[in-house]
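Trainee: How does the following fold in three dimensions:
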Amino acid sequence: MQWTDEAVVLRLGKFRETDLWVRFLSRERGLVTAFAFGGSRSRRRFTGCLDVFNVISVSVASSRDGRFLNMKEATLLEGPEQLRRDWQRQGMAANCVRFLEAMDVPPDNAGAAFGLMRGTMHLLEQEGAALTPLTPMLFRFRLAADQGYVPGLDSCARCGRPLGGLSQVHFVVGEGAPCCPHCRRHGDMSLSLGQEALDVLAKVKEYSPEAWSSLRPSPESARQAARLIDAFVRYHLGLEWINGRFKAM
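Mentor: The predicted model follows:
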């Protein structure tokens, strides 16, 4: 089996003097790990394109015994510059990669995940963009939404009442859905959201990552959104950020 696809390089490392293993997100096949034999020296087959966060066109073939994938050649399509110079941007991108790997991406949803990852890197490449620590949190929320975990945010999940215009809504963590104040029940484990925080989350679901830099919530709204995303990821995805990596709870 042999195939060619666009991919984002997520991680790589050496396993022999000149050979590399490469972890990448393929547009059509999701998360893939392949070996690039001679990858640290070959200029003809890889032309110096095997670096983290590069977007490449890659040709891959199965080994003769079918035990592993062999990266035959790759061509550079995009290479970040701001990420190479700014350690804060690198940290945000690495955080997004760790969550992507922890969630895993099935092939039938690979296209959405690829577009999200590439769009997020474009956001982090925007010179002078108003980047905040909230960016990786928004990535988590959007990836979960693209994989079908996040419900609609425009109406109460219990009575169907539109939530637009309400000064406060509640997100019932156990149900993973919003409700209006009237439908909130005693004993619900819920988080309160103002309209601004709800609007930010709705726009993250709808807009491409390149447009997220225009979202400038107040500190309180940003805190509400981050708290909701963290609780949602813990409860419904079973993932928790501990010591620089996501671990299953």
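Trainee: quick one, what contacts the nearest residue to V22 once chain neighbours are set aside?
Mentor: Distance criterion C-beta to C-beta, 6 or more residues apart in numbering; nearest residue to V22, sequence neighbours excluded, is L12 at 4.6 Å. C-betas here are computed from N, CA, C, even on glycine. When contacts are counted by C-beta atoms under 8 Å, 6 or more residues apart in numbering, L12 is found next to 20-23, 36, 39, 50-52.
Trainee: So for the residues you listed, which is the shakiest by pLDDT?
Mentor: Confidence by pLDDT is poorest for G39 among those, given 81.
Trainee: What separation do you get for that one and N109?
Mentor: 28 Å (C-beta to C-beta, to the nearest Å).
Trainee: higher neighbour count, those two?
Mentor: Counted by other C-beta atoms under 10 Å, G39 and N109 do not tie: G39 has more neighbours, with 21 against 16.
Trainee: any idea of the mean pLDDT in the lengthiest strand in the chain?
Mentor: When every strand of the chain is counted residue by residue (DSSP state E), the longest turns out to be strand 2-14. Strand 2-14 comes out with an average pLDDT of 95.
Trainee: Which parts of the protein are strands?
Mentor: So, for the chain - with DSSP E - the strands run 2-14, 20-26, 30-36, 55-62, 69-78, 168-172, 177-179, 190-194, 239-242, 245-248.
Trainee: So what's the residue count around S167?
Mentor: Using other C-beta under 10 Å: S167 sits among 7 other residues.
Trainee: residues touching it, list them.
Mentor: Contacts of S167 were listed using C-beta under 8 Å, 6+ apart, and they are 194-195.
Trainee: With G238 instead?
Mentor: Residues in contact with G238, defined by C-beta under 8 Å, 6+ apart, are 248-249.
Trainee: Check S190 too.
Mentor: With C-beta under 8 Å, 6+ apart, S190 has these contacts: 170-173, 179, 184.
Trainee: Let's have these in CSV, adding distance to R118.
Mentor: Compiled in CSV, the contacts of S190 are given as follows (distance: C-beta to C-beta, whole Å):
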residue, distance to R118
H170, 35
F171, 29
V172, 33
V173, 31
C179, 35
R184, 39
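Trainee: When you compare pLDDT across these, which one is lowest?
Mentor: For those, the model is least confident at V173; its pLDDT is 90.
Trainee: Pull the number of nearby residues for that residue.
Mentor: Other residues near V173 number 17, with proximity taken as other C-beta under 10 Å.
Trainee: any idea how far D188 is from it?
Mentor: As judged by C-beta to C-beta, V173 and D188 stand 8 Å apart.
Trainee: where are the low-confidence patches of this structure?
Mentor: The model of the chain has pLDDT under 70 over residues 128-130.
Trainee: can you give me the helices for it?
Mentor: Across the chain, reading from the start of the chain, the helices by DSSP state H fall at 82-85, 87-103, 110-125, 135-146, 195-206, 219-232.
Trainee: Mind listing what's buried along the first one?
Mentor: Of the residues in helix 82-85, 82-83 count as buried by neighbour count, 16 or more other C-beta atoms under 10 Å.
Trainee: Show me what that helix is packed up against.
Mentor: Contacts defined by 3 or more C-beta pairs under 8 Å, 6 or more residues apart in numbering; DSSP states H and E place helix 82-85 against helix 87-103, helix 110-125.
Trainee: same check, this time on the last one
Mentor: Helices and strands touching helix 219-232, as assessed by 3+ C-beta pairs under 8 Å, 6+ apart, comprise helix 135-146, strand 190-194, helix 195-206.
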